[in-house]
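Visitor: Sequence plus the predicted model coming up.
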Amino acid sequence: MKNKTIIYITFLSILATASYAQKKIVKKGNKEYEKYAYVDATKTYERVADKGYKSADLFQKLGNAYYFNANLEKSAKWYGELFAMNEEVAPEYYYRYSQSLKSIGQYAKADEMMILFNKKSSEDTRGKIFNDKQNYLDIIKANSGRYNIEDAGINSEYSDYGSAFSGNTLVFTSSRDTGNFAKRKHKWNNQYFTTMYSANIISVDTTSGKSLASPVKFAKKVNSIFHEATPVFTKDGKTMYFTRNNFNNGKTGKDANRITLLKIYKATVIDSQWVKATELPFNSDSYSVAHPTLSSDEKTMYFASDMPGTHGQSDLWKVAINEDGSFGIPENLGSKINTEGKESFPIITDENELYFATDGHPGLGGLDIFMSRINADGTFNEPINIGAPANSPQDDFAYLIDTKTRTGFLSSNRTGGKGYDDIYKFLETKKLICEQVLSGIVTDLETSEILADTKVTLFDDKFNKIMEVQSDDKGFYTFDVECGKSYFIRAEKELYETKEQKITISKNTGKTDFPIQLEKKVKPVTVSDDLAKTFGIKIIYFDLDKWNIRLDAALELEKILDVMTQNPTMKIDIRSHTDSRQTFKYNERLSDRRAKSTMAWLIKNGINANRLTGKGYGETQLVNKCADNVKCTEEEHQANRRSEFIITAL
């Protein structure tokens, strides 16, 4: 934009990473019901691990159990055991281990984990921001062609820009001067000082956007001899915030270099007239503050400034508007939005989107318009260039959209315009972001019971928290997500194991159904239940034609041993089965020896023999069709090679 009296504003500060590890209260204690015992899987895993048994899965479960509950000292212990195994793990575990190590003062080792994390997850935004944008022209091309754009029909040969809706009226900034007196021009560009004009919205065309009536001067009592520009209005139409030079009550303020900078002012309606223009408390003679816009709930103002804390030429900021009309302390939006260049002209839509102009993010030239989604926790998604023809090789800025009709206005000094800067109307024919709805029902894994009030949290593919919801009385949860992206979903409920799953969303607009099944952490068991199913033990592995207990089998048997130790009156029947791929007699003898070998291991490790029975059933109790001479897959045969630990008494 050529009009140098309008400030561009940006910021560069690190967004605080929202911690997604939240403590949850879990009811504990020895609950006893008639004919039931309760098995705490996490405690069993820990007791088994304390005996020296090792597996990556075991240590991941223990580390996660404590990490999700913010017990980082214990998570450091079990993640340490995980890494000591020198097995390949997901990059996120390097990050979690690093965070856990810091809790116990091991900062040097934590830094080593972060270095490895960055190497293994080079796309993670926790390690870099800009180097990934070398293909920005391809991104812009993919986002282009979504707008029908025309001259708005209200432009002059001077500068016209920066519009806002006020009811059924468009209010904008112009340096035209229709008055007969005091035609003051700015010495920088020989343009008249800007003032505000309005034009009624006549109609909305389905191909080209909104049509406007002839413009007239707006809020004459607010206009001064200097610049007024870029207003924003409250929904009730009674309050306006706008940009003006540092001039109030007939006095001009200047900075140390005797330059009159910009400030934001507030005006109110009295008897249908805009009066009482007062400056906001965070203004200063020493820096500029400009281009206000309001959040949908009108509790936050966004604006542009080069105030202290700005790292670029201008940054975007926000400030809370309190119920009594006072203001909080301005906050820099952070490095996700701001660069060392210029960021300015923010607008917040009722769809929680931030549109702004910048020359710091890769674009087509000059200022380009970008959009960033605002997450529920106030953080911002990566800004996206909205493409051509909305953007051009020249300055494009001051984007404004009616989300209901997808019509709006933008300002540009692109080639072919009528004046210095011009306002263009547009119709958006396709939304920038392909949208998907991710939803599902949370149920109990074993009973399929609906689980209401389950906390379901959505993370991006770098485990940055996006949103948290509670499942409703039908167990239903839902998130708005972006097409083609990967997310992690974590479900947490009292008395259930926390479950974390990855989901990749379709690249087409639509709905993704993603049911979640949770497994009880404290599991009721009764007579005739199979303890193997409780712990997901499918097979007690033996070497070919052998029946001695291997180390990996001992790890599984330790779980059974722990349960029987915690429940001294419990008795079990050990049942060993084979597939059909040997003779009937052979399978019967082999399975019987394996059942007896399992019994002997438990007796050796402290279980009284009168609490155990055992028998091999060979191939007599197949769970599928895979009998002799039936062609089956290896997976189907494996389903028959199983061990059962049936409770016979409590």
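Guide: Ah, there it is.

Visitor: Check the average confidence over stretch 395-402, would you?
Guide: Looking at stretch 395-402 alone, the average pLDDT works out to 95.

Visitor: Identify each of the helices in the protein and give its residue range.
Guide: Taking DSSP state H to define them, one finds helices in the chain at 41-50, 56-67, 72-84, 91-103, 107-120, 136-143, 531-534, 551-566, 584-604, 634-640.

Visitor: worst-scoring helix or strand of this protein, pLDDT-wise?
Guide: Within the chain, confidence by mean pLDDT, DSSP states H and E is lowest for strand 185-186 among all helices and strands, at a mean of 46.

Visitor: wait, Gln420 sits on Arg414?
Guide: Quick fix: residue 420 is Tyr, not Gln. No: the pair Tyr420 and Arg414 does not pass the contact test of C-beta atoms under 8 Å, sitting 11.7 Å apart. Any C-beta I mention is one placed from the backbone N, CA and C, and that applies to glycine too.

Visitor: Tell me the spacing between Asn508 and Gln436.
Guide: Here Asn508 is placed at a distance of 8 Å from Gln436 (C-beta to C-beta, to the nearest Å).

Visitor: Show me which of those two is the more surrounded one.
Guide: Under the neighbour definition other C-beta atoms under 10 Å, Asn508 and Gln436 were set side by side, and Gln436 has more, 21 against 9.

Visitor: Okay, and the beta partners of that one?
Guide: Using DSSP bridges, the beta-bridge partners of Gln436 come out as Val481, Gly510.

Visitor: can you tell me which residues contact it?
Guide: If you count contacts by C-beta atoms under 8 Å, 6 or more residues apart in numbering, Gln436 has them with Asp480, Val481, Glu482, Cys483, Ile505, Ser506, Thr509, Gly510, Lys511, Thr512.

Visitor: Looking at the first one now. What's its pLDDT?
Guide: If I follow you right, that is Asp480. We have a pLDDT of 90 for Asp480.

Visitor: In contact with the residue lying closest to it once chain neighbours are set aside, which residues?
Guide: Once flanking residues are discounted, Asp480 sits nearest to Val437: 6.2 Å by C-beta to C-beta, 6 or more residues apart in numbering. Under the criterion of C-beta under 8 Å, 6+ apart, the neighbours of Val437 are Thr478, Phe479, Asp480, Val481, Gly510, Lys511, Thr512.

Visitor: And Lys238, by the same measure?
Guide: The neighbourhood of Lys238, defined by C-beta under 8 Å, 6+ apart, consists of Thr268, Val269.

Visitor: go again using 6 Å as the cut-off
Guide: For Lys238, the set of contacting residues under the criterion of C-beta atoms under 6 Å, 6 or more residues apart in numbering consists of Val269.

Visitor: Please report how far it lies from Gln273.
Guide: Using C-beta to C-beta, one obtains 12 Å as the distance from Lys238 to Gln273.

Visitor: Would you mark the buried spots in stretch 522-536?
Guide: Val522, Lys523, Val525, Asp529, Asp530, Leu531, Ala532, Thr534, Phe535 (16 or more other C-beta atoms under 10 Å).

Visitor: got a pLDDT number for the last one?
Guide: It stands for Phe535. At Phe535, the model reports a pLDDT of 81.

Visitor: measure it to Lys263 for me?
Guide: When C-beta to C-beta is applied, the distance between Phe535 and Lys263 equals 68 Å.

Visitor: returning to that earlier point: take the helices of the chain and write them to CSV, including distance to Phe172.
Guide: Formatted as CSV, the entries for these read as follows, by distance: least, C-beta to C-beta, whole Å:
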stretch, distance to Phe172
helix 41-50, 62
helix 56-67, 53
helix 72-84, 54
helix 91-103, 48
helix 107-120, 47
helix 136-143, 26
helix 531-534, 69
helix 551-566, 72
helix 584-604, 83
helix 634-640, 68
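
Visitor: so which of those helices comes closest to Gly312?
Guide: Among the helices of the chain, the nearest to Gly312 by C-beta to C-beta is helix 136-143 (18.4 Å).

Visitor: what comes up buried for the closest one?
Guide: Per 16+ other C-beta under 10 Å, helix 136-143 contains these buried residues: Ile140, Asn143.

Visitor: tell me the mean pLDDT over it?
Guide: Computed over helix 136-143, the average pLDDT equals 82.

Visitor: Could I have the CA atoms of it written out in CSV?
Guide: Taking Å, rounded to 0.1, in the frame of the first residue of the first chain, the C-alpha atoms of helix 136-143 are listed here in CSV:
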residue,chain,number,x,y,z
TYR,A,136,5.0,-21.5,-1.0
LEU,A,137,4.2,-20.8,-4.6
ASP,A,138,2.6,-24.2,-5.0
ILE,A,139,0.6,-23.6,-1.8
ILE,A,140,-0.6,-20.2,-3.1
LYS,A,141,-1.5,-21.8,-6.5
ALA,A,142,-3.6,-24.5,-4.7
ASN,A,143,-5.5,-21.8,-2.8
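
Visitor: Poorly predicted segments of this protein, please.
Guide: Regions of the chain meeting the criterion pLDDT under 70 cover residues 1-39, 69-70, 99, 102, 123-136, 178-192, 246-258, 366, 538, 541-548.

Visitor: what domains does the record give for it?
Guide: Here the chain is described, according to automatic domain parsing, as comprising the domains 50-120, 140-428, 435-518, 525-649.

Visitor: most tightly surrounded among these?
Guide: Of the domains of the chain, the one with the most neighbours on average (mean count of other C-beta atoms under 10 Å) is domain 140-428, at a mean of 19.

Visitor: who touches Ala452 in this structure?
Guide: Applying C-beta under 6 Å, 6+ apart, we find Ala452 in contact with Ser471, Asp473, Gly475.

Visitor: Now it: phi and psi?
Guide: In this entry, Ala452 is assigned phi and psi values of phi -80, psi 160 (degrees, to the nearest 10).
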